[in-house]
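# Build me a model from this:
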Amino acid sequence: MTATSAPAAGAGPAAYASGGPRPEPGTLTDLFFESIARFDKPDALRYKSGGQWHSMSHGEVEERARRVALALGELGITGEQRVGILSENRPEWAIADYGCLTARITDVPIYPTLPAEQLPYIMNDAGIVLVFVSTGLQAGKVREIRSQVPSLRYVVSFASPAPDGADMTFDDLLARGAAGETPAAIDAWLAHAHAAKPDDVATLLYTSGTTGTPKGVMLTHDNIHSNVLAGRSKIPFLGADVELSFLPLSHIFQRTFDYLAWATGTTIAYAESIDAVPLNMSEVRPTVMCAVPRLYEKMYARVLENALREGPVKRRIFFWGRGVAAKWTERRLSGRSVGPLLAIENAIVQRVVFSKLRTRLGGRLRYFVSGSAPLAPEINKFFYGAGLMILEGYGLTETSPVMCVNTPENFRIGTVGKPVEGTELMIAPDGEILTRGPNVMKGYFNKPDATAEAFTADGWFKTGDIGAIEDGFLRITDRKKDLIKTSGGKYIAPQPIENRVKLNKYVSEAVLIGEGRRFPSMLIVPNFDHLEKWAALKNILWTSRSQLLAMPTVQAKMEQEVGEAFDGLAKFETPKKITLLEHEFSIERGELTPSLKVRRKAVDQNYRDVIDEMYRDLQKQNEN
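Prediction:
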């Protein structure tokens, strides 16, 4: 079988999978107006201001989006131009987006975590003429680089009064739109909005990328529309659901999930910030949420920390309960009978051990959806046993994003589920996952060569991920470009090893090193909250983190904790040495993407001296 054509009848199921017929073509403006007419809820959007939660109805969202569209037209901004959104999640983000969509203007979300020096490339490449900013901080970034972006004419601030660097506030823009809101203008706006075509570019998303210069991904109305319809058919929504939106809307995962919420009548509540998510969950009491594995890792670590902090009796009860839940989970997921005794034990465990966890998450959560990076199976099993289902999926910015997702009916931990409607998957001879379908991007903006390189000759998009298909379920094993080849010719998939290590509460980040080396090693960023507490209990004195990490007792502790994760690894893939880093990886230093994925090349470059010294030490040890 080749990698460029669908398999013939009778071909092995491990190489190909399909989600079935594609959804009917459509536009995001269709979904916008259909949902307003169908649901018309008083709490379509919710947000917290002045310590109180406030609601905005479908009708209010429509009115404000219309006024944004009319104001953009009055400012002379047309569909041939592009508008940026540099903001954290909030109702104005969605309203600005819907205003652009109904004006048939392509918008360009920009990660609010990006430093000012990274803005000119995106804004110039896209030719942004107006940018929405959320706060004085974001307005200040634009002010700093404005002279470098000749196309930029207007800066509109969601904050009021307008901070230094903004030309007007969002309220000013809405008032400008309202001033021209005649019946004829409203009719013209509606006609213009409904004239959008499925193949029109709706948004331009600049990939954070783990290497190289950001590329503008052109996603059409139908790319995202088809993904929303496919998600709506796979994931159960009840019509009265509440979602807490906290991942950046500049990332396609949260944005498409919010479109999905809008299309199902789900109330969207915007978290105040990432740090406020635990509090906001207890206030909003969401029923559905999407999140990245880092959130589940932190929740899992916090649960274990709280258990270990309890007295001996409560601690024993917790670990007994975790063991019971693990047995129950293993039998349920394998299709075996649970048995009456285990069922009774598990019911007790749910009430005594895990009810507090569910209450802290609001007490109504029916499921999480996980994406953006691999989720450790051990964590997924733990939450499943605690009565919290995590539906892990898979996708890329270029695929709008969802290609596959687990569902309550088709659920297999360790996989990212089966393809959604309209999506086809193929495993190339080298193990790379190929896909095609209505959700696949139109191309990279201004980069025809990069677009051509991203596809096979007959239209399969090359994901850059390595995987396998088992009974229709896709399992991701690693990134193609992340595979490490040692000098002995052995290939090592780093992500599964790193995910094992990050399960330990003393570890914040782990990066496997070994390209072109005789054997692998690992860089570790400790979880200093836990490590410093342990050091204090051991009466270890230190004045700086570098001094703490240099202590032999601390190094021995971390080697013991990390080494437990290496059990069962092949000899060639087992790290021979770990080195502790005193600084968290950062977006500003280029070590993390805005979606918090590690950029391996940047880590390798920034810590080249540390890595070289680590291997010199290993060499000396071998010589002695």
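# Please tell me how far the spatially most central residue of the chain sits from G385.
What sits nearest the mean C-alpha location of the chain, by CA atoms, centre = their mean, is S372, with 4.1 Å. In this view, S372 and G385 are 24 Å apart by CB to CB, to the nearest Å. Placement of C-beta: from N, CA and C, glycine included.
# Next: T102.
From T102 to G385 the distance is 46 Å (CB to CB).
# ditto for E582
Distance from E582 to G385, by CB to CB: 36 Å.
# ok, those two, which is more surrounded?
Neighbours around E582 and G385, counted as other CB atoms under 10 Å, are more numerous at G385. The numbers are 25 against 14.
# Is it correct that T397 is in contact with L205?
Yes: using CB atoms under 8 Å, T397 is in contact with L205, at 5.4 Å.
# so what's in contact with these two at the same time?
Common contact partners of T397 and L205 (CB atoms under 8 Å, 6 or more residues apart in numbering): 217, 219, 252.
# which residues sit against the host helix or strand of E34?
Following DSSP states H and E, one finds E34 within helix 28-39. Residues outside helix 28-39 that contact it (CB under 8 Å, 6+ apart): 58-59, 61-62, 65, 98, 101-102, 193-194, 196, 202, 221, 224-225, 228, 259, 262-263, 265.
# 7 Å instead?
58, 62, 98, 101-102, 193-194, 196, 202, 221, 224-225, 228, 259, 262-263, 265 (CB atoms under 7 Å, 6 or more residues apart in numbering).
# Could you do stretch 221-235 as well?
Stretch 221-235 is contacted from outside by 22-23, 25-28, 31, 196, 198-200, 202, 256, 259-260, 263-264, 369, 391, 400, 402, 405, 407, 420-422, 438-439, 441, using CB under 7 Å, 6+ apart.
# can you give me the strands for the stretch 401-550 of the chain?
402-405, 418-419, 424-427, 432-436, 443-444, 461-470, 473-479, 484-485, 491-492, 507-513, 521-526 (DSSP state E, counting those that start in this stretch).
# next one: the first one to chain centre, how far?
When you say that, I think you mean strand 402-405. Distance, stretch centre to chain centre, for strand 402-405: 13 Å (CA atoms, centre = their mean, to the nearest Å).
# what pairs with it, and is each one parallel or antiparallel?
With DSSP bridges as the test, strand 402-405 is paired with strand 389-395 (antiparallel), strand 418-419 (antiparallel).
# could I get the ones you listed as CSV with distance to K141, mean pLDDT and mean neighbour count?
Converted to CSV, the strands paired with strand 402-405 look like this (distance: least, CB to CB, whole Å; pLDDT from 0 to 100; neighbours: other CB atoms under 10 Å):
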stretch, distance to K141, mean pLDDT, mean neighbour count
strand 389-395, 29, 96, 24
strand 418-419, 40, 97, 26
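# nearest to Q560, of those strands?
Of all the strands paired with strand 402-405, strand 389-395 sits nearest to Q560, with 29.7 Å by CB to CB.
# So which residues make contact with that closest one?
With CB under 7 Å, 6+ apart, strand 389-395 has contacts from 235, 296, 367-371, 375, 380, 383, 401-408, 416-417, 474, 476.
# Give me the buried entries from those residues.
By neighbour count, with 16 or more other CB atoms under 10 Å, the contacts of strand 389-395 hold 235, 296, 367-371, 375, 380, 383, 401-407, 416-417, 474, 476 as buried.
# Please flag which of those residues sit within helices.
Of the buried ones among the contacts of strand 389-395, the ones assigned to helices by DSSP state H are 296, 380, 383.
# Look at F354 and report its pLDDT.
You'll see F354 listed with a pLDDT of 95.
# what kind of secondary structure is it in?
helix (DSSP: H, G, I helix; E, B strand; the rest coil).
# any idea how far L365 is from the closest residue to it other than its chain neighbours?
The shortest distance from F354 to any non-neighbouring residue, by CB to CB, 6 or more residues apart in numbering, is to A386 (4.2 Å). Separation of A386 from L365 (CB to CB): 11 Å.
# out of the two, which sits in the more crowded spot?
The residue with more neighbours, out of A386 and L365, is A386; 23 against 19, by other CB under 10 Å.
# what's near enough to touch that one?
So A386 contacts 325, 354, 357 (CB under 7 Å, 6+ apart).
# could you redo the last one with a cut-off of 8 Å?
Contact partners of A386, counting by CB under 8 Å, 6+ apart, are 325, 350, 354, 357-358.
# Keep only those of those that are in helices.
325, 357-358.
# Would you mind giving those as JSON lines with distance to P248 added?
As requested, the ones in helices among the contacts of A386 are arranged in JSON lines below (distance: CB to CB, whole Å):
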{"residue": "A325", "distance to P248": "33"}
{"residue": "L357", "distance to P248": "26"}
{"residue": "R358", "distance to P248": "27"}
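# Nearest to K485 among those residues?
Nearest member of the ones in helices among the contacts of A386 to K485, counting by CB to CB, is A325, at 40.1 Å.
# Pretty sure the closest one sits against V349.
Yes: assessed by CB under 8 Å, A325 is found in contact with V349 at 5.6 Å.
# Endpoints of stretch 111-119, how far apart?
Criterion CA to CA, to the nearest Å; first-to-last residue distance in stretch 111-119 is 9 Å.
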